[in-house]
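J.: My questions concern the predicted model and sequence given below.
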Amino acid sequence: MLNYITWNVDPELFSIGLLTVRWYGLLWAVGIWLALMIVQKIFKHEKHPDAWVDKLFIYTVLGTIVGARLGHCFFYEWKELAEPVTFLGISFKYGNHYLSHPWELLYIWRGGLASHGGAIGILIAMYFYNKNVSKKGFIWIFDRLVIGVALAGASIRLGNLMNSEIYGTATTLPWGFIFVRDGQTEPMHPTQIYEMIYCLVTFAVTYWLYYKKEAYKKNGLIFGVFLLGIFGTRFLLEFIKLNQEAFESGMVLNMGQILSVPFIVWGIWLIMNSNKAVAVKAKK
């Protein structure tokens, strides 16, 4: 029986001339497609206009990609300066390359997409989608959209695995991965797979809540469960993940955990509030 798995997958799927298709980009596209197929099924179930799905695709793609890119650049790209910079009497030890080179935010092919940034991007995009298209309420949209988003999350984490990136600390467990392409020589926790699993479990639970328990009638319940399922497990999993950037090494909680806390609190509030709302309706 193997004590570890040697992982040396080429992140490039194929190349044709100047065109290179990478597993990561393909799995991002597959994830978005799966999410929208789920939402399309839900909208048909509730007899909403087909045009809603087409417009949702545009809002979701733009919100996700722009948010994920900006999130990575401004959450994780802080580097220690050779000499601290003083501005208005405040000394700054860290700097961000993109503040002085904002045009490089467009260089997506260099890599760098953050899930928390993507989440914030979707929140903003859905605000405008609700305002301009559905007009049924901000939380109403998320009670349906996040079912598919959980499935998309699993696809994106598979992309991280194909890139040999964002993995965990060293482990002696038999399913530890040696990420050869990233220069590792000892088995590490394949946290990409762990995250795929909790995304799939969250998808299964929210799908079950929607179709079997008709939880969409409790405004915010499905969305709240999603937030706890994704960001609650993400918070815990960060304890066995390697920090993405050097500046996180001296922090009690890393950036991923800090960014997860507001979503966890919001999820708890949504679940509690959805039950209170049902209780008020029952009294009436």
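T.: Structure received.

J.: Going by C-alpha atoms from here, please, whenever you check contacts or count neighbours.
T.: Fine.

J.: for the stretch 1-150 of the chain, what are the low-confidence residue spans?
T.: Low-confidence segments of the stretch 1-150 of the chain, defined by pLDDT under 70: 1-2, 78, 80-101, 104-112.

J.: likewise the stretch 151-284 of the chain?
T.: Across the stretch 151-284 of the chain (using pLDDT under 70), the flagged ranges come out as 245, 247, 276-284.

J.: Okay, helices next: where are they in it?
T.: In the stretch 151-284 of the chain, the segments counted as helices under DSSP state H, counting those that start in this stretch are 191-211, 221-227, 233-237, 255-283.

J.: Tell me who's in contact with the residue positioned nearest the centre of the chain.
T.: Centroid-nearest residue in the chain, with Cα atoms, centre = their mean: Ser115, separated by 3.1 Å. For Ser115, the contacting residues are Ala68, Gly71, by Cα atoms under 8 Å, 6 or more residues apart in numbering.

J.: before we move on, what about the one 10 residues further on?
T.: Taking Cα under 8 Å, 6+ apart as the contact definition, Ala125 lies against Tyr59, Thr60, Leu62, Gly63.

J.: Quick check: of those residues, which lies closest to Leu236?
T.: Nearest to Leu236 among the contacts of Ala125, counting by Cα to Cα, is Gly63 at 26.4 Å.

J.: burial of that closest one, as a residue count?
T.: 21 (other Cα atoms under 10 Å).

J.: Look up how far Ala125 lies from Asn132.
T.: Distance of Asn132 to Ala125, computed by Cα to Cα, to the nearest Å: 11 Å.

J.: returning to that earlier point: could you identify which of the helices of the stretch 151-284 of the chain is most buried?
T.: Stretch with highest mean neighbour count among those: helix 221-227 (a mean of 26; mean count of other Cα atoms under 10 Å).

J.: How far does that helix sit from its chain's centre?
T.: From the chain centre to the centre of helix 221-227 is a distance of 15 Å (Cα atoms, centre = their mean, to the nearest Å).
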